[in-house]
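Visitor: Quick one, what's the 3D model for this:
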Amino acid sequence: MTEPGEPTGSTRRMPTIGQDDAAARTPAPDTSADAREPVPTLEQGDSAAGRFWSARRVPAALLALVLLGGAGLLLYDIAAVRAGRPAMRWRRFLADGLAEQRLDDVAVLIGAGAAALIGLWLILLALTPGLRDLLPMRRDRADVRAGLDRTAAALVVRDRSVEVPGVQSVRVRVGRRKAKVRAHSHFRELDDVRTDLDAVLEKAVRELGLARPPALSVQVHRPEKKG
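Guide: Numbering: from 1, shown residues only. Prediction:
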């Protein structure tokens, strides 16, 4: 039995959170934006951004297969001759032909010319970057490189061109150094249309963000009359 002043149930003291525990559970404040490491950027953009280099996978794979097959076949024939077997017919035919052919023979000259052309082509592939359809864009960050396809750049220039009053149709061709625009105007003076086109397209080319903006060549003509 319990006394009238005593509680009817058992009581238990609840645990309290001390200052040390509260400090441990409180998440650390996020580092301010000023204290963070800044993103590496290029102040004025890298106008000397180089072109993208092609991997040249197809020519490299074909050349590797040809060299591997030829070297393997030659080594097999040499090993067979060392083992006492006769040399393969193709090697005997090639050796006899090279011994009998003169250096000024037409077939020898044609073969040497073809080999020289193939070698020059491979050297050209190794020394040139390729990817002519990909225009390098201005680098605003040191660790990021971007490129713009020439077809996409031509579409942007064309869309801006047709917004000019008086322009009926436009043909655009964007190269690495020059952007050629040929427009047909069905009303307004041609000089006025050309002036507006020059202003609009100069801004459009700058907004493309290319490392080397192409020079503009704008031509405005009247459409050909049918009939």
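
Visitor: In this protein, where's the longest helix?
Guide: helix 57-82 (DSSP state H).

Visitor: Quick check: nearest residue in space to residue 160, chain neighbours excluded?
Guide: residue 204 (4.2 Å; C-beta to C-beta, 6 or more residues apart in numbering). From N, CA and C alone the C-beta is placed, and that goes for glycine too.

Visitor: Could you check how many residues crowd around that neighbour?
Guide: Neighbours of residue 204 under the rule other C-beta atoms under 10 Å: 20.

Visitor: Contacts for the helix or strand harbouring it next, please.
Guide: Residue 204 is part of helix 190-207 when elements are defined by DSSP states H and E. Here helix 190-207 makes contact (C-beta atoms under 8 Å, 6 or more residues apart in numbering) with 156-157, 160-161, 163-167, 179, 181, 183, 185, 213-214, 216, 218, 220-222.

Visitor: Which members of these are positioned in helices?
Guide: 156, 157, 160, 161.

Visitor: what's the least confident helix or strand in this protein, going by average pLDDT?
Guide: Across the helices and strands of the chain, mean confidence by mean pLDDT, DSSP states H and E is lowest for strand 41-46: a mean of 48.

Visitor: And the strands in the chain?
Guide: 41-46, 134-136, 139-141, 147-149, 167-174, 178-185, 215-221 (DSSP state E).

Visitor: Please identify the deepest-packed of those.
Guide: Counting by mean count of other C-beta atoms under 10 Å, strand 134-136 has the highest mean neighbour count of those, with a mean of 21.

Visitor: how close does residue 103 sit to residue 115?
Guide: 14 Å (C-beta to C-beta, to the nearest Å).

Visitor: and what of residue 206?
Guide: For residue 206, the distance to residue 115 - C-beta to C-beta - is 48 Å.

Visitor: what do you get for residue 202?
Guide: 50 Å.

Visitor: Give me the more crowded residue out of those two.
Guide: residue 202 (13 against 10).

Visitor: Show the pLDDT at that one.
Guide: Reading off the confidence values, residue 202 has pLDDT 93.

Visitor: how is this structure carved up into domains?
Guide: As assigned by automatic domain parsing, the chain contains the domains 57-127, 136-221.

Visitor: so where is the protein shaky, pLDDT-wise?
Guide: In the predicted model of the chain, residues 1-49, 226-227 satisfy pLDDT under 70.

Visitor: Kindly recompute the last result at 50.
Guide: Applying pLDDT under 50 to the chain picks out residues 1-11, 17, 22-24, 30-34, 39-45.

Visitor: So what's the residue count around residue 200?
Guide: Residue 200: 17 neighbours (other C-beta under 10 Å).

Visitor: quick one: buried residues of the longest helix of the chain?
Guide: Within helix 57-82, the residues that qualify as buried are residue 77, counting by 16 or more other C-beta atoms under 10 Å.

Visitor: Tell me which other helices or strands it touches.
Guide: Secondary-structure packing of helix 57-82 (3 or more C-beta pairs under 8 Å, 6 or more residues apart in numbering; DSSP states H and E): helix 106-127.
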